[in-house]
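Chemist: pasted the sequence and its predicted model underneath.
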Amino acid sequence: MRIALVAVLVAGVVPAMAQGIGGSTQQTTTTTQTTTTKSQSGDTTTTTTTSHSETTSSGGGFSLGNPFARPSDAPAPTYESLGGSWKIGEAAGTKTCDLTLEPKKFISSYSASTGIGCPEGLFGVSSWMLLGDEVRLMSPGGSVLARLHPGPNGRWRGRTEQGLEVFMVRD
């Protein structure tokens, strides 16, 4: 006697759909198939279980959850290479202000300052930190005000903690 049981589980669209810039979305579908086969010969029962899992992704565009990857031939950013004068502004607007990133550590942090007219959420930047390819602009109390990632042509893109899309370019 041979019995075959097949179970198919479809996770469907993973809830982590990321809304990208320009309204594009990224969608991931995971399908898992498990097959269990039981065969009996006399007093012996043999059970064989095989599983197959497949994940597919579709969509496109830029997602701030997956920031622009640094080109493989581009040097990794450093405090020294990012230090100096920048403009920071709203990605969808014209509101910009001056941003200065100090390349040398002062006591326990790297100083930063913004000028007047900054986008919402960026007033009062007092320090910054570099974690891999991510620049974090910090408040005097040490909370993160914005996170930016490298983009094309030396431009950096990111979001404030309030969700405002921002950019940073050399002044």
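Modeler: Right, received. Where do you want to start? Not measured: the values here are computed from a predicted model.

Chemist: show me where the chain has strands.
Modeler: Remark: strands assigned in the chain by DSSP state E are 2-13, 18-19, 25-41, 44-59, 84-90, 96-106, 109-114, 127-131, 134-138, 144-150, 156-160, 165-170.

Chemist: what comes up buried for the last one?
Modeler: Of the residues in strand 165-170, those scored as buried under the neighbour-count criterion (16 or more other CB atoms under 10 Å) are Val166, Phe167, Met168. Just so you know, the C-beta spots here come from the backbone N, C-alpha and C atoms, and that holds for glycine as well.

Chemist: could those be laid out in CSV, adding pLDDT and distance to Ala76?
Modeler: Formatted as CSV, the buried residues of strand 165-170 follow (pLDDT from 0 to 100; distance: CB to CB, whole Å):
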residue, pLDDT, distance to Ala76
Val166, 96, 22
Phe167, 95, 20
Met168, 96, 17
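
Chemist: closest one to Pro75 out of those, please.
Modeler: Nearest to Pro75 among those, counting by CB to CB, is Met168 at 17.7 Å.

Chemist: what separation do you get for that closest one and Thr78?
Modeler: 16 Å (CB to CB, to the nearest Å).
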